[in-house]
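Chemist: Got a predicted structure plus its sequence, pasted below:
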Amino acid sequence: MGGWSARHRWAAVGGWLLFVVLVMLLGQAAGRHDVDEDRSMPGEVSQAATIQDDAGLRGKAGEMVLIQVRGGTGTTADPAFRGAVGDVVTAIKATGKVTAVTSPYDTKAVSADHRSALVKFDMLGDKKTAADRVQPVLDAVAGVQARHPSLRIEEFGDASSDKAVSNAFGSDFKTAEYSALPLALGILLIAFGALVAALLPVMLAMTAFLGATGVVALVSHSVPMSDTANSVMLLVGLAVGVDYCLFYLRREREERAAGHDPATALRIAAATSGRAILISGVTVIVAMAGMLFTGIGDFKAMGVATMIVVAIAMVGSVTVLPALLSLLGERVEKGRVPLLGRIARSRTGRTGGTGGSRFWRTVLRPVLRHPKGATLLAGGALIAIALPAFGMHSANLSTDQELGDHLPIIQTYDRINAAFPGGPDPAHVVVKADAIDSPAVRKAISDFRTEAVASGASRGPVTVTVHTPQNIAEIDVPLAGGTDHDKAESDLRLLRDHVRPDTLGRVAGLQAPITGETAGSMDFTHKITSSVLPVFAFVTVFAFLLMLLSFRSLTIALTSIALNLLSVGAAYGILTVVFQHGVGASLVGATGTGAVVAWLPLFLFVILFGLSMDYHVFVVSRIREARMRGLTTKGAIEHGITTTAGVVTSAAVIMVAVFAIFGTLSMQSMKQMGVGLAFAVLIDATVIRGVLLPSVMSLLGERNWYLPRWMHRLPDLTHDESALPVPPVAADRPSTPLHDPVYRA
């Protein structure tokens, strides 16, 4: 692939640009089809959404206005209070943006202490765009508040909360995404010391991402996508695109520095780093495919989107990159920064490019001299860090946990919940019957309302909206647990397991799925938990098989899986200590959530397992190459680690920096994701690849290359590195490990 691209460089570059532009245009023409959050959720949430969709009843954003006595002895029965309620109803109707406005005196939405009341209504139009149209209603409510200063009059609901959160945190995400590219470019400039060489990985990563957005838009008509999937695709696409280009480019520069002519250097880079990129890319794609096992729309979208961007970045790295390097030749060194250039040349090595990193050579000496001690020390430290993960408690964070209480909309949410426990997020029962107005169904609904309060699951008021033409009734049940997540889930289970069977369940043919925020959270957590085992099994088994076939070594395959699992375990341990137990939480600006967000462990496992394999394949490929060329196993380990240390460090620093940006966001789930990913990549590129991998391989010795005789029939996907050209060694050039007789067998 590299040879063809170098010989047909204009065709390779032109074909790549044509592909990117073409799929972008096709994607824009087709449009992106986004996942339906409710219908993609597991369990009863999806059932309820399907019933409502089929009846044409979904898509309304529900809102409510809290009218509350600020102090003194006033009540909801006072004329002034009634006047304020009337003003609210009149004002929001006058906007022409709302429908189904109800008075609290009709719906009994009055608090137990008779000091608070709720005016409820729906926004006209599609729920997805309601946040863009809610401002006139907010202004109308603010106007009523100004005329009644003795009362508290505030709005909360689907549209108003979406608008507030988007305004508060939308800029956070934009800042994070816009900061990632300049940050990566700055680190690459330090790594290469030349502007053109630094720009190549970023350009390749971004064109791969742009191409992927077009392909994703086309694919979304079969597998719906989401904004979250797009952000994850950008992160992963930037990470692997830069990594792959970095691996290839550094090897080509290294071979040229060793004395090879440009064509030979490019051929060697294609045969070594290019092959490592293909193995790594396929492994990452397999890991991302694990997300499909969850059956959850957002996870399936993230899985498919990241698989697409990794595949495109992988193909681009082994085709258009060698073509560009062939075109540029020595001009890849253009734009050299004097000081950075000297640092980069010293890192690559003026005397052949294979001398390796002095820092890592210094680190490796005691590791290879005392491999058992290094294994016990590094392995023991990582196991100790991972141990708290066995006590990990995962949960979907409540609104105030996720966003904090500094936003006015969250303060309103808390006040509504205090006056009407469960009111902001009620359980929503969708009743579908053959004849919704039949006496049996009406009695069952009445019994359900009574039993919901009598059982203690709700304190009321339980409201019913009947849609006679569609034979559907919607029942809103404020859960007594309110913001107490565990208590609210207990109330929901009481409704589902006892109240519903004893009332609605007695009517033959009646459907009554219970949905809502609490139901969605509970069902989501259950689905994620039940998906852990199949996802872990799929990813580890297929990664093991890929490593086995790629390196023809049972030992390499087993140690690869073990080291990656240890890296993931350490990340889990840090998440548990910081975000569940609060140790050092203030250092990263985290609040005491007391839990790790439910989707994060599975997400981290898939992402980290894929990205960790990037480094592992690259390092082990270099070690195997040195061994095939005649070095002893210990000499090959030192050569492989020291010569890859620079590129692995540069790649890791970029990923840690990009992920750390997400650790600075205000949303607690994004903060947990950023900290977990950044820490795991840092540990993986230093302790795992720099200490534990060489010490374990040194202990294993020749057993590293063990393959049972009965496995010899497996397909051979290895490459004969010993056939690669040996770099010319000048008489005045110090010998490198590949030519030093001390290292040779």
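Modeler: Looks like it came in fine. Numbering: from 1, shown residues only.
Chemist: For the stretch 351-500 of the chain, just list every one of the helices.
Modeler: 358-369, 371-386, 399-403, 408-419, 439-454, 485-494, 500-502 (DSSP state H, counting those that start in this stretch).
Chemist: Against Arg622, how distant is Cys245?
Modeler: According to Cβ to Cβ, to the nearest Å, Cys245 stands 17 Å off from Arg622. Bear in mind the C-beta positions are built from the backbone N, C-alpha and C, glycine included.
Chemist: Revised request: answer the last question for Leu558.
Modeler: Going from Leu558 to Arg622 by Cβ to Cβ gives 20 Å.
Chemist: and if you look at Phe156?
Modeler: Phe156 sits at a distance of 58 Å from Arg622 (criterion: Cβ to Cβ).
Chemist: where exactly do the strands run in the stretch 601-745 of the chain?
Modeler: Using DSSP state E, counting those that start in this stretch, no strands are found in the stretch 601-745 of the chain.
Chemist: any weak-confidence spans in it?
Modeler: 717-745 (pLDDT under 70).
Chemist: Now do the contacts for Ala418.
Modeler: Gly482 (Cβ atoms under 8 Å, 6 or more residues apart in numbering).
Chemist: pLDDT value on it, please?
Modeler: pLDDT recorded at Ala418 is 84.
Chemist: Contacts made by stretch 283-296 with the rest, please.
Modeler: The set of residues external to stretch 283-296 that reach it, using Cβ under 8 Å, 6+ apart, is 40-42, 236, 240, 299-300, 302-304, 306-307, 310-311, 524, 527-528, 531, 534-536, 538-539, 542-543, 546-547, 602-603, 605-607, 609-611, 613-614, 617.
Chemist: Which helix or which strand is home to Glu155?
Modeler: strand 151-157 (DSSP states H and E).
Chemist: How far off centre is that strand?
Modeler: 34 Å (Cα atoms, centre = their mean, to the nearest Å).
Chemist: so what does that strand touch, helix or strand wise?
Modeler: Applying 3 or more Cβ pairs under 8 Å, 6 or more residues apart in numbering; DSSP states H and E, we find strand 151-157 packed against strand 61-69, helix 79-94, helix 135-147, helix 408-419.
Chemist: most tightly surrounded among these?
Modeler: strand 61-69 (a mean of 24; mean count of other Cβ atoms under 10 Å).
Chemist: what's the angle from it to strand 151-157?
Modeler: Computed by axes from the mean of the first three to the mean of the last three Cα atoms, to 10 degrees, the angle separating strand 61-69 from strand 151-157 equals 160 degrees.
Chemist: tilt between strand 61-69 and helix 408-419?
Modeler: 70 degrees.
Chemist: I'd like the C-alpha coordinates of strand 61-69 written as CSV, please.
Modeler: Written as CSV, here are the backbone C-alpha positions of strand 61-69 (Å, rounded to 0.1, in the frame of the first residue of the first chain):
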residue,chain,number,x,y,z
ALA,A,61,-42.2,19.9,25.9
GLY,A,62,-43.9,20.1,29.3
GLU,A,63,-43.4,23.3,31.3
MET,A,64,-44.6,24.5,34.8
VAL,A,65,-44.6,27.8,36.6
LEU,A,66,-44.1,27.8,40.4
ILE,A,67,-46.1,30.4,42.3
GLN,A,68,-45.0,30.4,45.9
VAL,A,69,-45.4,32.6,49.0
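Chemist: quick one: average confidence on that strand?
Modeler: Mean pLDDT, strand 61-69: 89.
Chemist: chain center to it, what's the gap?
Modeler: On the basis of Cα atoms, centre = their mean, strand 61-69 sits 34 Å off its chain's mean C-alpha point.
Chemist: now stretch 17-26
Modeler: Distance, stretch centre to chain centre, for stretch 17-26: 26 Å (Cα atoms, centre = their mean).
Chemist: Give me the more crowded residue out of Leu558 and Arg622.
Modeler: Between Leu558 and Arg622, counting by other Cβ atoms under 10 Å, Arg622 is the more crowded of the two (26 against 14).
Chemist: How about the contacts made by that one?
Modeler: When contacts are counted by Cβ under 8 Å, 6+ apart, Arg622 is found next to Thr272, His639, Gly640, Thr643, Thr644.
Chemist: how about the helices in the stretch 601-745 of the chain?
Modeler: According to DSSP H, counting those that start in this stretch, the stretch 601-745 of the chain carries its helices in the segments 633-663, 668-683, 693-700.
Chemist: Flag the shaky bits of the stretch 351-500 of the chain, pLDDT-wise.
Modeler: 351-357, 398-400, 403-405, 423.
Chemist: run the last query once more with 50
Modeler: For the stretch 351-500 of the chain, the stretches flagged by pLDDT under 50 are 351-355.
Chemist: What strand or helix carries the residue nearest the centre of the chain?
Modeler: With distances taken as Cα atoms, centre = their mean, the residue of the chain nearest its centroid is Val232 (5.3 Å). According to DSSP H and E, Val232 maps onto helix 227-257.
Chemist: Show the subsequent helix or strand relative to that helix.
Modeler: helix 262-269.
Chemist: Show me what that following helix is packed against.
Modeler: Helix 262-269 is packed against helix 2-7, helix 227-257, helix 297-328, with contacts defined by 3+ Cβ pairs under 8 Å, 6+ apart.
Chemist: Now stretch 443-458: buried residues?
Modeler: Residues of stretch 443-458 classed as buried: Ala444, Ile445, Asp447, Phe448, Arg449, Glu451, Ala452, Val453, Ala457, Ser458 (neighbour count, 16 or more other Cβ atoms under 10 Å).
Chemist: Count residues in the vicinity of Thr559, would you?
Modeler: Using other Cβ under 10 Å, Thr559 is surrounded by 20 other residues.
Chemist: Show the contacting residues for it.
Modeler: By Cβ under 8 Å, 6+ apart, the neighbours of Thr559 are Leu693, Val696, Met697, Leu700.
Chemist: Please report how far Leu377 lies from Ala142.
Modeler: 62 Å.
Chemist: about what we covered before: save the contacts of Arg622 as CSV, and put in distance to Asn417 and neighbour count too.
Modeler: Output for those, formatted as CSV (distance: Cβ to Cβ, whole Å; neighbours: other Cβ atoms under 10 Å):
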residue, distance to Asn417, neighbour count
Thr272, 60, 22
His639, 63, 26
Gly640, 58, 26
Thr643, 59, 28
Thr644, 54, 27
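Chemist: for those, which one is nearest Ala519?
Modeler: Lowest distance from Ala519 to these (Cβ to Cβ) belongs to Thr644, with 49.7 Å.
Chemist: I figured that closest one hits Val617, correct?
Modeler: No - with contact defined as Cβ atoms under 8 Å, Thr644 does not reach Val617; the gap is 10.6 Å.
Chemist: and stretch 554-571, average pLDDT?
Modeler: The average pLDDT within stretch 554-571 is 91.
Chemist: Check stretch 579-586 too.
Modeler: Stretch 579-586 comes out at a mean pLDDT of 81.
Chemist: Skip the chain neighbours and tell me the closest residue to Arg449.
Modeler: Setting aside the residues directly before and after it, Arg449 is nearest to Val462 in space (Cβ to Cβ, 6 or more residues apart in numbering), at 4.4 Å.
Chemist: That neighbour: what's it in contact with?
Modeler: Phe448, Arg449, Ala452, Val453, Ile475, Asp476, Val477, Pro478.
Chemist: With respect to Ile410, which of those is nearest?
Modeler: Nearest member of these to Ile410, counting by Cβ to Cβ, is Pro478, at 18.3 Å.
Chemist: Which phi and psi values does the closest one adopt?
Modeler: As for Pro478, its main-chain torsions (degrees, to the nearest 10) stand at phi -60, psi 120.
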